[in-house]
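S.K.: my questions concern the predicted model and sequence given below.
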Amino acid sequence: MQKTALVCGAGGFIGGHLVKRLKAEGFWVRGVDIKPHEYCVSAADDFILGDLREQTLVREVIDQDFDEVYQLAADMGGAGYIFTGENDANVMHNSAAINLNILDACQKRGIKRVFYSSSACMYPEHNQQDPDNPNCAEDSAYPANPDSEYGWEKLFSERLYLAYNRNFGMECRIARYHNIFGPEGTWDGGKEKAPAAMCRKVAVARDGESIDMWGDGHQTRSFLYIDECLEGTLRLLRSDFEGPVNIGSEEMVSINDLARMVMDLSGKSLTINHIDGPQGVRGRKSDNHLIRDRLGWAPQQSLRSGMQITLDWISAEVERRSVCAA
Ligand code: NAD
């Protein structure tokens, strides 16, 4: 019989790619999101436009058994969205309400396997002060001290999923994603993240110009290409390991080096103009010991190869928009 999957947040970046991947595997897929996908027509067999904060909508969406449920819907964005403080109440309320509703509906339907996308933002700020030596091992999560309300909500929801496993015999699986990037993700408007923002700035700049960067650029991060993220996600959901486990890259770069990489890929000669802006922790990198140990897998693809694909896609989007505006 054909397998079925539900993707919550199917109109978003990772959800959109996940729907395509599940379709390629032969699944019947229902997607749900509060908005349609901005950059592609959803590949889902059934796409429900609706607000997952509404319990009645969630019960309508989860009206049958699904072999796999992926919960990716969240009120989120890059540093310009989660670190200003202006969106804290929405981020906490909206994402927590979504998780509470989905878990409740799945449990009442007898659905056991639910994937939950947590974030590296839940790791303690005090372990990420040194840009050369951040600690993001899974067992460093407590005592908790995330640097944003977004991180605190992720931590709460991780515990919620684990509590449903414990009390209701569910088999939820939890990943802590580290900076996922690739084409068909937000690249402007204030919710974009560093790789997409960098690609956009480089794409619109003319040879010899400068691009703005928040902070001194010495802060470090690791970035994972979307295809690798999906592979890790599917392997985790289908495994007997509940997590939480990091899904991220161990290839750490400074934001200055990320910018230089994108400039180099574009063939343009540009300079960096450092300005004040929200930056988050000084260093962050995935620690993949646990995922290697428990799933026998870790991502391999280089940052550069993924950035090339992302830059090409964003450059084409910039071009398309300027043609439309002309
Ligand atoms: P995204 O913003 O592109 O996708 C999230 C989707 O959730 C959006 O399409 C949004 O419309 C939808 N959504 C928000 N509120 C909703 C509501 N009330 N009802 C229905 N849909 C709603 O983000 P993404 O990058 O695809 O991230 C997916 C998940 O992975 C999120 O939970 C995010 O916190 C987590 N995550 C992502 C990253 C990353 O680097 N992209 C890193 C860590 C964790």
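M.R.: Cool, got the structure. Numbering: from 1, shown residues only.
S.K.: tell me the contacts of residue 46?
M.R.: 29-31 (C-beta atoms under 8 Å, 6 or more residues apart in numbering). All C-beta spots, glycine's among them, are computed from the backbone N, C-alpha and C.
S.K.: which residues does it bridge with?
M.R.: Beta-bridge pairing for residue 46 (DSSP bridges): residue 30.
S.K.: any idea how far the ligand is from it?
M.R.: Distance of residue 46 to the ligand, computed by C-beta to the nearest ligand atom, to the nearest Å: 15 Å.
S.K.: now do residue 251
M.R.: 15 Å.
S.K.: what's the distance between that residue and residue 234?
M.R.: 22 Å (C-beta to C-beta, to the nearest Å).
S.K.: so where does residue 74 fall, helix or strand?
M.R.: Assigned by DSSP states H and E, residue 74 falls within no helix or strand.
S.K.: who in the stretch 101-250 of the chain is up against the ligand?
M.R.: Residues of the stretch 101-250 of the chain found near the ligand, taking C-beta under 6 Å from any ligand atom as the criterion, are 117, 119, 177, 179-180, 186, 193.
S.K.: show me the residues you listed that map onto strands.
M.R.: Taking DSSP state E as the definition of strands, those contribute 117, 119, 177, 180.
S.K.: where do the domain boundaries of the protein fall?
M.R.: Here the domain parsing of the chain from automatic domain parsing is 4-180+223-247, 183-222+251-284+302-325.
S.K.: please work out which of these is packed deepest.
M.R.: Ranked by mean neighbour count, those are led by domain 4-180+223-247 with a mean of 19 (mean count of other C-beta atoms under 10 Å).
S.K.: chain center to that domain: distance?
M.R.: How far domain 4-180+223-247 lies from its chain's middle: 8 Å, per C-alpha atoms, centre = their mean, to the nearest Å.
S.K.: circling back: and the domains of the chain as TSV, adding distance to residue 294?
M.R.: Formatted as TSV, these follow (distance: least, C-beta to C-beta, whole Å):
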stretch	distance to residue 294
domain 4-180+223-247	5
domain 183-222+251-284+302-325	19
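S.K.: which of the ones you listed sits closest to residue 291?
M.R.: Residue 291 sits nearest to domain 4-180+223-247 of all those, at 5.1 Å, using C-beta to C-beta.
S.K.: would you map the strands across the stretch 151-300 of the chain?
M.R.: With DSSP state E, counting those that start in this stretch as the criterion, the stretch 151-300 of the chain has strands at 173-177, 180-181, 210-214, 220-222, 224-225, 245-247, 252-254, 271-275.
S.K.: who's in contact with the nearest residue to residue 61 once chain neighbours are set aside?
M.R.: Nearest non-adjacent residue to residue 61, counting by C-beta to C-beta, 6 or more residues apart in numbering: residue 32, 5.1 Å away. Residues counted as contacts of residue 32 (C-beta under 8 Å, 6+ apart) are 6-10, 47-50, 52, 61, 73.
S.K.: biggest separation within those residues, which pair?
M.R.: 6 and 49 (14.7 Å).
S.K.: in this structure, what helix or strand scores lowest on average pLDDT?
M.R.: Lowest mean confidence among the helices and strands of the chain (mean pLDDT, DSSP states H and E): helix 79-82, at a mean of 86.
S.K.: please see if it touches the ligand.
M.R.: No. Interface with the ligand: helix 79-82 contributes nothing (C-beta under 6 Å from any ligand atom), its closest point being 9.5 Å away.
S.K.: can you tell me what sits against that helix?
M.R.: So helix 79-82 is contacted by 76, 87, 91, 121, 148-150, 190-194, 214, 277-280 (C-beta under 8 Å, 6+ apart).
S.K.: make it 6 Å
M.R.: 87, 148, 150, 190-191, 278, 280 (C-beta atoms under 6 Å, 6 or more residues apart in numbering).
S.K.: and the next helix or strand past it?
M.R.: Taking DSSP H and E, what comes next after helix 79-82 is helix 88-109.
S.K.: for that next one, packing partners?
M.R.: helix 55-61, helix 149-168 (3 or more C-beta pairs under 6 Å, 6 or more residues apart in numbering; DSSP states H and E).
S.K.: does the ligand sit close to the first one?
M.R.: Translated: helix 55-61. No. Helix 55-61 does not reach the ligand (C-beta under 6 Å from any ligand atom); its nearest approach is 8.1 Å.
S.K.: who's in contact with that helix?
M.R.: By C-beta under 6 Å, 6+ apart, helix 55-61 touches 32, 48, 50-52, 101, 105.
S.K.: go ahead and confirm residue 213 touches residue 276.
M.R.: No. Assessed by C-beta atoms under 6 Å, residue 213 is found out of contact with residue 276, at 10.6 Å.
S.K.: any idea how far residue 289 is from residue 52?
M.R.: Relative to residue 289, and taking C-beta to C-beta, residue 52 is found at 34 Å.
S.K.: can you put the residues of the stretch 101-250 of the chain next to the ligand in JSON lines and add pLDDT and distance to residue 259?
M.R.: Shown next, in JSON lines, are those (pLDDT from 0 to 100; distance: C-beta to C-beta, whole Å):
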{"residue": "117", "pLDDT": "98", "distance to residue 259": "27"}
{"residue": "119", "pLDDT": "97", "distance to residue 259": "23"}
{"residue": "177", "pLDDT": "98", "distance to residue 259": "22"}
{"residue": "179", "pLDDT": "95", "distance to residue 259": "15"}
{"residue": "180", "pLDDT": "97", "distance to residue 259": "19"}
{"residue": "186", "pLDDT": "95", "distance to residue 259": "19"}
{"residue": "193", "pLDDT": "91", "distance to residue 259": "14"}
